[in-house]
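A.B. asks: Generate coordinates for the sequence data below:
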Amino acid sequence: MGLYEFFYEYFVLPIKENRGYNTVNTVVYAIILGIAVLLLHRMLKRMGIKVDERFFKALMPYIILGPLMRSMTDVGVLPRTYLTVSPGGYFVIAAFAIASLYVVWRHVGPTEKLYPLYRDFGLVLVGGLLFILLINLEKVSFNWKVLAYFIPILMAAELFIWLLTRKFELIKNNSTLFYTHFYDATTTFVGLQFFGFWEQHVLARLLIETSGTPAVMYLEKFLILLPVVWILDREMSDEDPDLINFVKLTIFILGFGPGTRNLLIMLMGGG
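C.D. replies: Residues are numbered from 1 along each chain as shown. Just a heads-up that it's a prediction; the model follows:
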């Protein structure tokens, strides 16, 4: 198999035929993500921007953009192209987020004005997508029955995390990450268990097939997240706090983005 055939088989066809992820592209995308995190952290340091609560709040519209665009693509509101499905869609959103940040930074620098302006840039983009959705509502078949399953199961899942925060300091200090990834696990469980959806990720598919239930997603999330936050908080405590915060922000996005995409697709009647 030549280089072109290899790339086409493992990277193009999975997107073109909606096959989901495979082992090869999963590893490559993970490496790209790791490199991107380090480069973006270095860029933020040079720009004098701290990864704190102000930055997190300003970034939220861009975090919402990805799942919103993907869900609108899956229900037929946006055309399905390499730039509107993952991972291409997330590269596009990342490009918008970085370009917007750079433009705002060039005008106001790393001052307090940067954060609301950067947020507003993102809100304009979200507003544009919502307008497109609004004028194409005839293509959407809302399924509010999803909430009858999602809300009580989510409450039970998050209650479990809350109880753990009462006992374990490490989980309490990283509760947002645990809550977010159990939110993601709940959307996966509800979609697969009750609405006939299928899992796109390699490890998750293997675990679900082996265990016979999508409820294993909660265990997967917990067993992956726990050692990661342990390493970040205990073994890397001497590292740059901004780098640790940026890694945690990335982990948050990896839970919130897919979870919100899953929920929106279910609510909008996608399949």
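
A.B. asks: Quick check: closest non-adjacent residue to V216.
C.D. replies: L207 (4.8 Å; C-beta to C-beta, 6 or more residues apart in numbering). In short, each C-beta sits where N, CA and C put it, glycine included.

A.B. asks: For the one you found, what are phi and psi?
C.D. replies: The phi/psi pair for L207 (degrees, to the nearest 10) reads phi -70, psi -40.

A.B. asks: That one: what's it in contact with?
C.D. replies: Going by C-beta atoms under 8 Å, 6 or more residues apart in numbering, L207 touches V216, M217, E220.

A.B. asks: Please tell me how far the second one sits from G259.
C.D. replies: Counting by C-beta to C-beta, to the nearest Å, the separation of M217 from G259 is 11 Å.

A.B. asks: shared neighbours, these two?
C.D. replies: Common neighbours of M217 and G259, counting by C-beta under 8 Å, 6+ apart, are A185, T188.

A.B. asks: if you count what's nearby, which of those two comes out ahead?
C.D. replies: Taking other C-beta atoms under 10 Å, M217 and G259 do not tie; M217 has more neighbours (24 against 21).

A.B. asks: Inside helices: which ones of the contacts of L207?
C.D. replies: V216, M217, E220 (DSSP state H).

A.B. asks: roughly how far apart are the second one and Y183?
C.D. replies: In other words, M217. Relative to Y183, M217 is positioned 11 Å away (C-beta to C-beta).

A.B. asks: The first one too?
C.D. replies: Taken as C-beta to C-beta, the spacing of V216 relative to Y183 amounts to 16 Å.

A.B. asks: Alright, calling it a day.
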